[in-house]
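Asker: just need the structure, nothing else, for what follows:
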Amino acid sequence: MRVLFSFYCAFLFSLNPLVSQIFDFPVQCVGGSAEFKRVLKQEILYPDDDLVNNVGGKVLASFIVHPDGKIDSLKIIEGVSPKIDLEAKRLIQLCQWDPAILDGFKVSSFRVQKIVFKPSSYRKWNSERTYVPENDRPKKIYSMKDANPPAQFSSGGTLDNFIVRNLTYPEIAKSSGVEGIVEIRFVVETSGRITSVGIQKGIGAGCDEEALRVIRKTLWKPGFIDAKPARTQHFVPIQFKINNIESSKSFFD
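Answerer: Numbers count the residues shown, from 1 in each chain. Modelled structure (predicted):
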């Protein structure tokens, strides 16, 4: 009954956004809308013909996100062109999704996602990129423990040292004495870029956002499965301890 109710709520939400308040938390991309936009800029591949002809517009896609985060029934509700619509589907499938929460339980629910395709924006993003996104990467995501060799941090030095050098303790957390461990989740793509960067476990007071900011700056070498680059899931704990961070920064300075 709970699952049927969640589908009914989602249907009402498609008619009236205010109904989204029925859920404790609605379906969203891991990392939220900001992460979806970041991945979009990083990974979008505009179809050549549509780019040359300045074809653009809004794509609306609907799909179901199940309690385990898997999606199905992906359909285009409002499209722009056949190739652009396919690219919208690819981008949605590239991201991981957090299921809706209802009465404290993960439930299956619909999601309607808008993606705006604008040739001028794409040309700007493409000129800023120093790499070529992939359109034929595998969909399956493996555990980092399954890869041989596993994905490796490649932004210089060790990951721990990179975090210490780049992490800034949020003032509100420092003044309130907030300390703890923020656990970040993300996927290392076959390109070495990361997607679906989100909070697995947070402590608030600005620490979650700061941990996300630092991890989004990292680059990696992909892990391999059967001698081929593979997409791998990663979880990184970042400790916020006022005295430790300040003393470590002075060491690097």
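
Asker: strands of the stretch 51-200 of the chain, start to end?
Answerer: Secondary structure of the stretch 51-200 of the chain, counting by DSSP state E, counting those that start in this stretch: strands at 57-65, 71-78, 97-98, 100-102, 105-107, 109-117, 141-143, 152-153, 180-188, 194-201.

Asker: just the buried residues of the second one, please?
Answerer: Of all the residues in strand 71-78, those buried under the rule 16 or more other C-beta atoms under 10 Å are 71, 76. All C-beta spots, glycine's among them, are computed from the backbone N, C-alpha and C.

Asker: the strands of the stretch 51-200 of the chain: which one's closest to residue 91?
Answerer: strand 109-117 (6.5 Å; C-beta to C-beta).

Asker: before we move on, back to that, would you turn the strands of the stretch 51-200 of the chain into JSON lines with distance to residue 217?
Answerer: Formatted as JSON lines, those follow (distance: least, C-beta to C-beta, whole Å):
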{"stretch": "strand 57-65", "distance to residue 217": "28"}
{"stretch": "strand 71-78", "distance to residue 217": "28"}
{"stretch": "strand 97-98", "distance to residue 217": "23"}
{"stretch": "strand 100-102", "distance to residue 217": "30"}
{"stretch": "strand 105-107", "distance to residue 217": "31"}
{"stretch": "strand 109-117", "distance to residue 217": "25"}
{"stretch": "strand 141-143", "distance to residue 217": "22"}
{"stretch": "strand 152-153", "distance to residue 217": "11"}
{"stretch": "strand 180-188", "distance to residue 217": "12"}
{"stretch": "strand 194-201", "distance to residue 217": "10"}
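
Asker: can you read off the pLDDT for residue 244?
Answerer: Residue 244 carries a pLDDT value of 67.

Asker: if I look at residue 37, how far off is residue 109?
Answerer: Applying C-beta to C-beta, to the nearest Å, the value for residue 37 to residue 109 is 22 Å.

Asker: neighbour count: the two, which is higher?
Answerer: More neighbours surround residue 109 than the other of residue 37 and residue 109, with 23 against 13 (other C-beta atoms under 10 Å).

Asker: let me see the mean pLDDT of stretch 29-40.
Answerer: The model assigns stretch 29-40 a mean pLDDT of 96.

Asker: which residues sit against that stretch?
Answerer: Stretch 29-40 is contacted by residues 91, 94-98, 113, 115, 185, 195-199, 212, 216 when judged by C-beta atoms under 8 Å, 6 or more residues apart in numbering.

Asker: nearest to residue 53 among the residues you listed?
Answerer: Residue 53 lies nearest to residue 115 out of these, by C-beta to C-beta, at 18.7 Å.

Asker: okay, now residue 188: neighbour count?
Answerer: Around residue 188 there are 28 residues (other C-beta under 10 Å).
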